[in-house]
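Peer 1: Structure for the following, please:
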Amino acid sequence: MFQSLRSELSNALLDAGFKEPTEIQRASLPYLVRGSDAVLRARTGSGKTAAYLLPIMNSVKGERGEVLILAPTRELIRQIADQFDLFNKYLNYSKVLVYGGVGYQGQERGLRDAVFIFATPGRMLDMVRRGSADLGRVRFLVIDEVDRMLDMGFIDDIRTLLSLSSNRKQTIMASATVPPEVKSLISSFAPTARFIGVGDEYDVPNIEQVVYIASGDWREKMELAIKEISGKTIIFTNTRKRADVLHRQLRRRVNGVFYTHGGVDQYVREKVMREFKERGKVLVATDLVSRGIDILDINTIINFDVPQDPETYIHRIGRTARLDKGGRAVTLATDDDIGIVMKAAQLTGTRPIIRRIGMEERGVRAARGFER
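Peer 2: This next block holds a predicted model:
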């Protein structure tokens, strides 16, 4: 199938080690190369990014501002652009990344001649208001992680950007789930879009899920987390403060521990992700990285804190078992929050292994009074 793409693309794919298309790529490429509007629904790690990048790169003319790709976070924007760079090896299309947390000047210079614009919604609207971007030039529009966009309150920004880019000839939305709000957006702005979904909406294949039910005391959870670290591991907490404290304590006992969350400076976050990818063992994080982080060799996910809803739990554990590789997800729960895990199990059709930690098994005295 890749051989049907222009030679510059097929050669770049070979160089990058892409031999066979994934299921979502096989299902979508025939329609997308014809310019059809589409909604791609498949779990994270299924190859959705390449599924929309390849047909667009196969079709563009190379005009300024021709392609706009929107995603909810700076981290995801950078990862999409990194994959674009692999495919762009012989095409050499210009690009610009547009997101907040950094100055405007460099991004405004890039917008003057970039063919591909990778942007977060808020900063893209800022550029339009400053007169630095003309969305009337956009011919191809992608909204990635559209369900997450809605969760984060970007719905009005997305609707505005869709309205301003009304000259586009192709609209693609990509998402792990398609809730009713996403369907409403599709019916308003891409009514003829073809729905292309593979696998179950809440599919978590090849992930061994283990849930420890314990007291919730901090030292107890620390001991369990350290015990369960295996291979490259991401440990999720619910707040920045808890991530900071856990990181400080873990690094005294475990080598190669990094951390990131929304309160960390953007430059530092990018550096942390590069270093964790290359040589890190453990990443302590908030839900900033629960979606879209393109690290294929995550062996273990540890939910130090149970998330607030089952969907977030599903997206967290989906950081492992990427591209159908195996993985393990460990959750440190209490009797009060085990219901979130069981609801997620119901949605995914899975059966976590439940292990109740009794007083005689704990082996450590709990630390009292830690502020949540």
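
Peer 1: so for the helix or strand hosting residue 273, what's the average pLDDT?
Peer 2: Element membership for residue 273 (DSSP states H and E) is helix 266-279. Across helix 266-279, pLDDT averages out at 83.

Peer 1: and what of stretch 233-252?
Peer 2: So the average pLDDT for stretch 233-252 ends up being 95.

Peer 1: got a list of contacts for it?
Peer 2: 222, 225-226, 229, 257-259, 261-263, 281-287, 289-290, 298-308, 316, 319-320, 371-372 (C-beta atoms under 8 Å, 6 or more residues apart in numbering). The C-beta positions use only the backbone N, C-alpha and C, and glycine is treated the same way.

Peer 1: for the helix holding residue 273, packing partners?
Peer 2: Packing partners of helix 266-279 (3 or more C-beta pairs under 8 Å, 6 or more residues apart in numbering; DSSP states H and E): helix 74-87, strand 257-260.

Peer 1: Residue 170: which of these is closest?
Peer 2: helix 74-87 (16.6 Å; C-beta to C-beta).

Peer 1: Using CSV, list the CA coordinates for the closest one.
Peer 2: Only the C-alpha atoms of helix 74-87 are listed here, as CSV (Å, rounded to 0.1, in the frame of the first residue of the first chain):
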residue,chain,number,x,y,z
ARG,A,74,2.5,21.4,22.9
GLU,A,75,4.0,17.9,23.6
LEU,A,76,1.6,16.3,21.1
ILE,A,77,2.3,19.0,18.5
ARG,A,78,6.0,18.3,18.7
GLN,A,79,5.5,14.6,18.4
ILE,A,80,3.3,14.9,15.3
ALA,A,81,5.9,17.3,13.8
ASP,A,82,8.7,14.8,14.6
GLN,A,83,6.9,12.1,12.7
PHE,A,84,6.3,14.6,9.8
ASP,A,85,10.1,15.1,9.7
LEU,A,86,10.6,11.4,9.1
PHE,A,87,8.2,11.4,6.2
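
Peer 1: follow-up on the earlier one: which of the helices and strands packed on helix 266-279 is buried the deepest?
Peer 2: Neighbour counts (mean count of other C-beta atoms under 10 Å) averaged over each of those peak at strand 257-260, with a mean of 23.

Peer 1: mind checking how far it is from the chain centre?
Peer 2: 17 Å (C-alpha atoms, centre = their mean, to the nearest Å).

Peer 1: can you check stretch 123-136 too?
Peer 2: On C-alpha atoms, centre = their mean, the centre of stretch 123-136 falls 25 Å from that of its chain.

Peer 1: do stretch 110-126 as well
Peer 2: With C-alpha atoms, centre = their mean, you get 19 Å for stretch 110-126.

Peer 1: So what touches that stretch?
Peer 2: Outside stretch 110-126, the residues that reach it (C-beta under 8 Å, 6+ apart) are 60, 62-74, 77-78, 80-81, 84, 93-100, 104, 107, 127, 132-133, 149, 154, 157-158, 160-161.

Peer 1: Out of those, list just those in helices.
Peer 2: 74, 77-78, 80-81, 84, 107, 127, 149, 157-158, 160-161 (DSSP state H).

Peer 1: Serialize the residues you listed to a markdown table and add fields for pLDDT.
Peer 2: Shown next, in a markdown table, are these (pLDDT from 0 to 100):
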| residue | pLDDT |
| --- | --- |
| 74 | 86 |
| 77 | 93 |
| 78 | 91 |
| 80 | 94 |
| 81 | 96 |
| 84 | 97 |
| 107 | 97 |
| 127 | 97 |
| 149 | 82 |
| 157 | 92 |
| 158 | 92 |
| 160 | 94 |
| 161 | 95 |
